[in-house]
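Colleague: kindly generate the corresponding structure for this input.
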Amino acid sequence: MNYRNGTYVAFHANNTSDPTDSDMKYYNTLRMWKVRDEDGDFKFINSHEKRDVRDSSTKETLRRALRERMNNSKHLLLIIGPTTRLDTDWIPFEIAYAIDNCKIPVIAAYTGYERIMDPAALSSLWPEALADRINGKTATVIHVPFKKEPITDAVSQFDFNKLPESGLAYYSKEAYLSWGHVF
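Modeller: A predicted model of the protein is given here:
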């Protein structure tokens, strides 16, 4: 049995190694939050640091490594930006494997938003693999803005033992106010 304590982060790399041209910049922001976390609130065990693979590895070698990482993860943190839905390779694979095989919840973190109060209104941003699973009621998803406080709360709260209530779960206005987010 795997020790499932990691956060698996999925983001659209946009077929580039330049982090400014892809959602990699948000992944790097997560890593920065962890390094700069003076309070120790940001509990983030990065599943991608558990097993090293190289970009030059074969596709099947990469898939095997990603499956291993997801098997050792307690949730999938999916960074959703304007181009995420356009990824037809890794994002659909990661979503499908995480939900269908690992049975882990998704923390959908949307870039460019202050709060998420109506996740269904953002369905045009969802990759097809996520939309199919939300609509088919096989995914449990908490929808949050890409902000430190909601992500910290979701990472600490939701895992394979404590799932969000549905595929369209979100935080209340009171939660956002408690984090200092202004309405």
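Colleague: now do the SS call for the most centrally placed residue in the chain.
Modeller: In the chain, the residue lying closest to the centroid (C-alpha atoms, centre = their mean) is residue 77, at 1.5 Å. The assignment at residue 77 comes out as strand when based on DSSP: H, G, I helix; E, B strand; the rest coil.
Colleague: what residues sit buried inside the least confident helix or strand in the chain by mean pLDDT?
Modeller: Ranked by mean pLDDT, DSSP states H and E, the weakest helix or strand in the chain is helix 24-36, scoring a mean of 82. By neighbour count with 16 or more other C-beta atoms under 10 Å, helix 24-36 contains the buried residues 24, 26, 27, 29, 30. For glycine as for every other residue, the C-beta is placed from the backbone atoms N, C-alpha and C.
Colleague: which residue packs closest to the fourth one, ignoring adjacent ones?
Modeller: Looking back up the chat, that one is residue 29. Distances taken as C-beta to C-beta, 6 or more residues apart in numbering place residue 146 nearest to residue 29, at 7.9 Å, with adjacent residues excluded.
Colleague: give me every residue that touches the one you found.
Modeller: 26, 29, 79, 109, 110, 111, 112, 113 (C-beta atoms under 8 Å, 6 or more residues apart in numbering).
Colleague: now the buried members of the residues you listed.
Modeller: The buried subset of the contacts of residue 146 - by 16+ other C-beta under 10 Å - is 26, 29, 79, 109, 110, 111, 113.
Colleague: residue 145 and residue 107, how far apart?
Modeller: 11 Å (C-beta to C-beta, to the nearest Å).
Colleague: please apply the same query to residue 93.
Modeller: From residue 93 across to residue 107, the span is 18 Å (C-beta to C-beta).
Colleague: for residue 114, same thing?
Modeller: According to C-beta to C-beta, residue 114 stands 17 Å off from residue 107.
Colleague: and those two? Which one has more around it.
Modeller: residue 107 (25 against 11; other C-beta atoms under 10 Å).
Colleague: give me the element the more buried one is part of.
Modeller: strand 106-110 (DSSP states H and E).
Colleague: do me a favour and average the pLDDT over that strand.
Modeller: Strand 106-110 comes out with an average pLDDT of 98.
Colleague: show residues contacting that strand.
Modeller: Taking C-beta under 8 Å, 6+ apart as the rule, strand 106-110 contacts 26, 75-81, 95, 98-99, 116, 119, 122, 125-126, 130, 139-146, 150-151, 154-155, 158.
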